[in-house]
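Trainee: Only the shape, not the letters, is given here:
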């Protein structure tokens, strides 16, 4: 395992990546830590501290070279071999996320879809067949699966996730309401749409 | 404005709500702050502190009454009048979120859809017509709109969001890559799917 990077730093990386990509598109040559800090709503010292986790990205007196910074962030976030990803649950949300993974997810390679419904099994999505979820363990034994996307109800996620971990899956993009938690060797992104909408409603009602 | 509740507390409320709803379904009568803390991966003192923001929910020596706690959390998160919500951008993601709002979002009432594509305008979604986004300002003047769901590209979100705020929208469920930030009088939930997937990939690659 490489040096451990704290989760808040990791969560900020995609925003750095997006802002720096915008600067590059606009033809900006250099950017200072204070300029980046302002874009992100943080402090220059925070930016430098974050970047120091990765060797500092070579800031000079004049700031960071935007091209180099952009390449380094791209390498960090999408570099290396593609991650093999499977998606389970091809309902409304699953289909949308399949499309997202097929079109807007550099660094990931969709390798299989699974569902339990006979009406779904055998259909094609993004050029791949939808397989019977019963065959999931066999598939994971025969193929490397790095990441699983869960678009299934929480009861099913609660049963399936430990099995998938046991089969070698090291990352979960979890859209079920189930709060997935594993040890440090498995990465989880819980996207709880219901929670997000509930807390938004609370704030709007209170003017908070 | 009611007493200000901090954002981390607000973000935990939906999880309390879900766990307590599960307990109620299982027929559990009372629950202690330590039991809740264990479910949430936090401390009993944190739970009590959170609940104290809302008057404490009447804990006795024996713990919280699950029925009462569930009703109080429901009232907090979904009580009062329904929030009127519009959705802009009826592509893949927009359609999925429309379905989510129509079926899994108590406390919200879908009132209109907007898109800019002539192929979309005039079609129906969840029983409502898709309107021309050109008519958005007129619609917001004639109808109360509490929350806007943005399923549009970031350039469009950057232009539209300030207009919507000006028209009285007080909450944004933002799926565009654009980082919406407003003052305290507007609530924003940025759901950055791309960021989520990028940081997940980073962690899986590093074993972090």
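Mentor: Now that the structure is in, tell me what you want to look at. Everything numeric in this text was worked out from a predicted model, so none of it was measured.
Trainee: make it CA atoms for all contacts and neighbour counts henceforth
Mentor: Fine.
Trainee: Pull out the buried residues from whichever strand or helix holds residue A:200.
Mentor: For residue A:200, the enclosing helix or strand under DSSP states H and E is helix A:193-206. Within helix A:193-206, the residues scored as buried using 16 or more other CA atoms under 10 Å in any protein chain shown are A:193-205.
Trainee: Run through the neighbouring helices and strands of it.
Mentor: When contacts are defined as 3 or more CA pairs under 8 Å, 6 or more residues apart in numbering or on different chains; DSSP states H and E, helix A:193-206 packs onto helix B:7-25, helix B:66-78, strand B:171-174, strand B:187-190.
Trainee: And the contacts of it?
Mentor: Helix A:193-206 is touched from outside by A:175, A:177, A:208, B:1-2, B:10-11, B:13-15, B:76-78, B:83, B:104-105, B:107, B:146, B:170-173, B:186-189, with contacts defined as CA atoms under 8 Å, 6 or more residues apart in numbering or on different chains.
Trainee: Run through chain A and note the low-pLDDT ranges.
Mentor: Residue ranges of chain A with pLDDT under 70: A:1-3, A:208.
Trainee: quick one, longest strand in it?
Mentor: In chain A, taking DSSP state E as the definition, the longest strand is strand A:108-115.
Trainee: how about that strand: buried residues?
Mentor: Result for strand A:108-115 [16+ other CA under 10 Å]: buried residues A:108-115.
Trainee: just how off-centre is that strand within its chain?
Mentor: 15 Å (CA atoms, centre = their mean, to the nearest Å).
Trainee: what angle separates it from helix A:66-78?
Mentor: Orientation check (axes from the mean of the first three to the mean of the last three CA atoms, to 10 degrees): strand A:108-115 against helix A:66-78 gives 30 degrees.
Trainee: Is chain B within reach of the following helix or strand past strand A:108-115?
Mentor: Next helix or strand after strand A:108-115 toward the C-terminus (DSSP H and E): strand A:124-125. No. Contact of strand A:124-125 with chain B (CA under 8 Å from any CA of the partner chain) is absent, the minimum separation being 13.6 Å.
Trainee: Whatever helix or strand comes next after strand A:124-125 pairs with which strands, parallel or anti?
Mentor: Under the assignment DSSP H and E, the closest C-terminal helix or strand after strand A:124-125 is strand A:128-132. Note on strand A:128-132: by DSSP bridges, its sheet partners are strand A:108-115 (parallel), strand A:124-125 (antiparallel).
Trainee: To residue A:72, which of these lies closest?
Mentor: Residue A:72 lies closest to strand A:108-115 among the strands paired with strand A:128-132, at 18.2 Å (CA to CA).
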